[in-house]
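> Kindly generate the corresponding structure for this input.
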Amino acid sequence: MDEINQKLLEKIKQSISETVKKKKIGIAFSGGVDSTLISKICSDMEYDITLLTIGFSESHDILFAKEVNEYLNYTHHIYEIDSETFPDISSKINQTIKTDNLSWNENCIAFYYVSKLAHELDLDTVITANGIDELFCGYNAYREAFSGGESKINEVMITKLENELKMMKAVNLIASEFGVQILQPLLSSKFIEYAKSIPISEKIHDSEDLYRKHIIRKLAKQVNVPDLSCTKRKKALQYGSKIHKALLKTR
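Just a heads-up that it's a prediction; the model follows:
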């Protein structure tokens, strides 16, 4: 493993150790490179992990998560969202977090189900990979910002991070109904500071770069994350779970 990836791995492990004090944890898992990398590292660090996947029946995330875990073989539980009760739950969540921000509503709904599943399994701590897309140029917005140079990319990063940190507070408000805490080791101030120091060229190559997060994908391969997960371009949680589609129907 080259020096930059070795250091990244050490910093991720350090952030997990400092953030996650319980040894028995759930991990929000879609099979994508971010959640699979976090799962693999936590398992290698000897956390007792349970993968938690949510989505509507036959949604991409459920099918893909199953496929990826055929290689990992970790304890894995799936919660299929009931389309009958979905409108009432989404409405209740909207009233709780009091925002019209569609992404916030979608993420809070997703983590409502993740927390419900965790609670049913007697887990009170769930880890997520939130922060990777923000810090390693995972979003399309970074391609659009590329022509503006590093300063424009950093501007987008600051905005994305601020939004994510605030959104995860709303997510934890929803999760608290089930006595579950959602933790994001890669949104710790120390890890953010370190990740920002990694050269942009390790994250995104140009405005046509459809994969991005190159250093993350490379590290994932080096710690034996299945290739299927490392190379896949995957939709965000709200799309892969079909929550976005279902929520638009209720509006």
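> any idea which element the closest residue in space to Phe146 that isn't next to it in sequence lies in?
Of all residues beyond its chain neighbours, the one nearest Phe146 is Ser207 (4.1 Å), with distances taken as CB to CB, 6 or more residues apart in numbering. Just so you know, the C-beta spots here come from the backbone N, C-alpha and C atoms, and that holds for glycine as well. Ser207 is part of no helix or strand when elements are defined by DSSP states H and E.
> I'd like to know how many residues surround Ser207.
The criterion is other CB atoms under 10 Å. On that basis, Ser207 has 12 neighbouring residues.
> any idea how far it is from Ile4?
Per CB to CB, to the nearest Å, Ser207 is found 23 Å from Ile4.
> Could I get the phi/psi values of Val225?
Backbone dihedrals for Val225, given as degrees, to the nearest 10, come out at phi -70, psi 140.
> Please give the three-state secondary structure assignment for Ala118.
Three-state secondary structure (criterion: DSSP: H, G, I helix; E, B strand; the rest coil) places Ala118 in helix.
> Kindly tell me how buried the residue lying closest to it once chain neighbours are set aside is, as a neighbour count.
Excluding the flanking residues, the one nearest Ala118 by CB to CB, 6+ apart is Gly26, at 4.5 Å. Under the neighbour criterion other CB under 10 Å, Gly26 is assigned a count of 26.
> tell me what the helix or strand that contains Gly26 is packed against?
When secondary structure is defined by DSSP H and E, Gly26 falls within strand 24-28. Applying 3 or more CB pairs under 8 Å, 6 or more residues apart in numbering; DSSP states H and E, one finds that strand 24-28 contacts helix 33-44, strand 48-55, helix 102-120, strand 125-127.
> looking at these, which is closest to Glu162?
Closest approach to Glu162 among these (CB to CB): helix 102-120, 12.9 Å.
> report the angle between the axes of that closest one and strand 24-28?
Helix 102-120 runs at 150 degrees relative to strand 24-28, counting by axes from the mean of the first three to the mean of the last three CA atoms, to 10 degrees.
> And for helix 102-120, what's in contact with it?
The set of residues external to helix 102-120 that reach it, using CB atoms under 8 Å, 6 or more residues apart in numbering, is 26, 28, 52, 54, 77, 79, 81, 89-90, 93-94, 96-97, 99, 124-126, 167, 170-171, 173-175, 177-180, 182, 237-238, 241, 243-244, 247.
> Can you say which of those residues are buried?
For the contacts of helix 102-120, a neighbour count by 16 or more other CB atoms under 10 Å gives the buried set as 26, 28, 52, 54, 77, 79, 81, 90, 93-94, 97, 124-126, 167, 170-171, 174-175, 178, 180, 182, 237-238, 241, 243-244, 247.
> returning to that earlier point: mean pLDDT and distance to Glu134 for the helices and strands packed on strand 24-28 - can I get that in CSV?
Formatted as CSV, these follow (pLDDT from 0 to 100; distance: least, CB to CB, whole Å):
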stretch, mean pLDDT, distance to Glu134
helix 33-44, 98, 11
strand 48-55, 98, 22
helix 102-120, 97, 13
strand 125-127, 98, 16
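> Would you map the helices across the stretch 101-250 of the chain?
With DSSP state H, counting those that start in this stretch applied, the stretch 101-250 of the chain shows helices at 102-120, 132-135, 140-145, 149-175, 189-196, 214-222, 227-231, 237-240, 243-250, listed in chain order.
> so which of those helices gets nearest Asp48?
When the helices of the stretch 101-250 of the chain are compared (using CB to CB), the closest one is helix 102-120, at 13.4 Å.
> I'd like to know how far Cys230 sits from Val223.
Plainly put, Cys230 is 10 Å away from Val223 if you go by CB to CB.
> Over to His119?
Counting by CB to CB, the gap from His119 to Val223 is 30 Å.
> of Cys230 and Val223, who's got more company?
The residue with more neighbours, out of Cys230 and Val223 and counting by other CB under 10 Å, is Cys230; that gives 20 against 16.
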